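Participant: Make a model of this:
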Amino acid sequence: MTHQPMGFALIGTVWAWAAAELVPQARQRLRSGRTERTERRSLLVIWVLFWGGAAAAVLTRHAVAALSYPAHGRVLGGVVPALAWAGIALRLWSIVALGRFFRATVHIQRGHRLVSSGPYRWVRHPSYSGLLPALLSFAALLGNALSWLVFTVCALAAVAYRIRVEERMLLDALGEEYRAYAARTPRLIPGVW
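Facilitator: Sure, this is the predicted structure:
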């Protein structure tokens, strides 16, 4: 019975996150300009790697039980929600900062421009800077070190691929302006990468 409040908090967090993602995306899709170029394959890659990584992580947890740890202890019970909410908040701030330029697919709209305000002052892809800690904190709740590592590798591969696709399209569309922005602004973590 001691895990029940954390379970409710976790379920509430996941549902709140889903709603917070869908509402601004739907609104911004209605406000966005006409799309000149769209790339959908990277969205498929993200979904396959995230869900495939999650399935592999669950299977790994059962196969390698020796690497298990208590997933609902005080440390994880406090750190996981805090890290998840911090990541979610950064991701949502990024979505709001992009405004009409944000969509789930990689695209270029008519009149597309560089956004370098809000969290984009510090990193080029703050949406992923927020997404990764949120996802990886939830993966820690699997209670197995190898499971967490399996999911982490899949999530990092998905995000790295998506960043490469986005940057190529933005460089093609915005040219020197984006090249200069990329030269002075790290991808995900200030001062690191």
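Participant: Leaving out sequence neighbours, find the closest residue to L92.
Facilitator: A20 (5.5 Å; CB to CB, 6 or more residues apart in numbering). No exception for glycine: its C-beta is placed from N, CA and C like everyone else's.
Participant: so that neighbour is in which element?
Facilitator: helix 4-31 (DSSP states H and E).
Participant: quick one: stretch 121-141 to chain centroid distance?
Facilitator: 5 Å (CA atoms, centre = their mean, to the nearest Å).
Participant: picking that back up, pull up the pairing partners for the next helix or strand after the helix holding A20, direction included.
Facilitator: Proceeding N to C from helix 4-31, the next assigned helix or strand is strand 35-39, under DSSP H and E. Applying DSSP bridges, strand 35-39 is found paired with strand 106-109 (antiparallel).
Participant: Tell me who's in contact with the most centrally placed residue in the chain.
Facilitator: For the chain, the residue nearest the mean C-alpha position is L131 (2.5 Å; CA atoms, centre = their mean). For L131, the contacting residues are G87, R91, V159, by CB atoms under 8 Å, 6 or more residues apart in numbering.
Participant: Shouldn't it be within a helix?
Facilitator: Yes: under DSSP: H, G, I helix; E, B strand; the rest coil, L131 sits within a helix.
Participant: mind listing what's buried in the longest helix along the chain?
Facilitator: Using DSSP state H, we find that the single longest helix of the chain is helix 145-174. Within helix 145-174, the residues that count as buried by 16 or more other CB atoms under 10 Å are 145-148, 150-152, 154-155, 158-159, 162-163, 165-167, 169-170, 173-174.
Participant: about what we covered before: gap between the residue nearest to the centre of the chain and G87?
Facilitator: 7 Å (CB to CB, to the nearest Å).
Participant: Brilliant, that's me finished.
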